[in-house]
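**Q** Next comes the sequence, and after it the predicted model I'd like to discuss.
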Amino acid sequence: MLAVLTVLLLLGFIFSLALMQNPHFPEFLAFSGTLLGSITAYYFTNSKNT
């Protein structure tokens, strides 16, 4: 549940920063992309082991 909330919050932040044309958008996109990728990788590797 925490992972779903984190993914939804990050996607919301990405969308809102892109709309506001925030100057720190590239840095936040790099951070959130890495975090979203690690969450996705964790769940896909975890589901293959069970």
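**A** Structure received. Keep in mind the model is a prediction, meaning the values are calculated, not measured. Numbers count the residues shown, from 1 in each chain.

**Q** L29 contacts F13, correct?
**A** No. With contact defined as C-beta atoms under 8 Å, L29 does not count as touching F13 (9.8 Å). From N, CA and C alone the C-beta is placed, and that goes for glycine too.

**Q** give the contact list for T40.
**A** Neighbour list for T40: empty [criterion: C-beta atoms under 8 Å, 6 or more residues apart in numbering].

**Q** Using neighbour counts, pick out the buried residues of the host helix or strand of it.
**A** Using DSSP states H and E, T40 falls within helix 25-48. Across helix 25-48, burial judged by 16 or more other C-beta atoms under 10 Å covers 32, 36, 39.

**Q** shouldn't F13 be in contact with F28?
**A** Yes. Judged on C-beta under 8 Å, F13 makes contact with F28 at a distance of 7.0 Å.

**Q** Enumerate every residue touching the most centrally placed residue in the chain.
**A** The centroid of the chain falls nearest to L36 when counting by C-alpha atoms, centre = their mean (3.4 Å). Each residue near L36 by C-beta under 8 Å, 6+ apart is listed here: 7, 10-11.

**Q** how does it look with 7 Å?
**A** The contact partners of L36, by C-beta atoms under 7 Å, 6 or more residues apart in numbering, come to 7, 10.

**Q** Leaving out the residues flanking it, which one is nearest to I14?
**A** Nearest non-adjacent residue to I14, counting by C-beta to C-beta, 6 or more residues apart in numbering: S32, 5.8 Å away.

**Q** Model confidence for the one you found, exactly?
**A** pLDDT for S32: 96.

**Q** hang on, A18 packs against F25?
**A** Yes. Using C-beta atoms under 7 Å, A18 is in contact with F25, at 6.2 Å.

**Q** Point out where this structure drops to low pLDDT.
**A** 46-50 (pLDDT under 70).

**Q** Put the alpha carbons of the helix or strand that contains F15 into CSV.
**A** If you go by DSSP H and E, F15 is part of helix 2-20. Provided in CSV are the C-alpha atoms of helix 2-20 (Å, rounded to 0.1, in the frame of the first residue of the first chain):
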residue,chain,number,x,y,z
LEU,A,2,2.9,2.4,0.8
ALA,A,3,4.4,1.7,-2.6
VAL,A,4,1.1,2.5,-4.4
LEU,A,5,0.8,5.8,-2.5
THR,A,6,4.4,6.7,-3.2
VAL,A,7,4.0,6.0,-6.9
LEU,A,8,0.8,8.1,-7.1
LEU,A,9,2.3,11.0,-5.2
LEU,A,10,5.4,11.0,-7.4
LEU,A,11,3.3,10.9,-10.6
GLY,A,12,1.2,13.8,-9.2
PHE,A,13,4.3,15.8,-8.3
ILE,A,14,5.8,15.2,-11.7
PHE,A,15,2.7,16.3,-13.5
SER,A,16,2.3,19.4,-11.4
LEU,A,17,5.9,20.5,-11.7
ALA,A,18,5.7,20.0,-15.4
LEU,A,19,2.6,22.2,-15.7
MET,A,20,4.2,24.9,-13.5
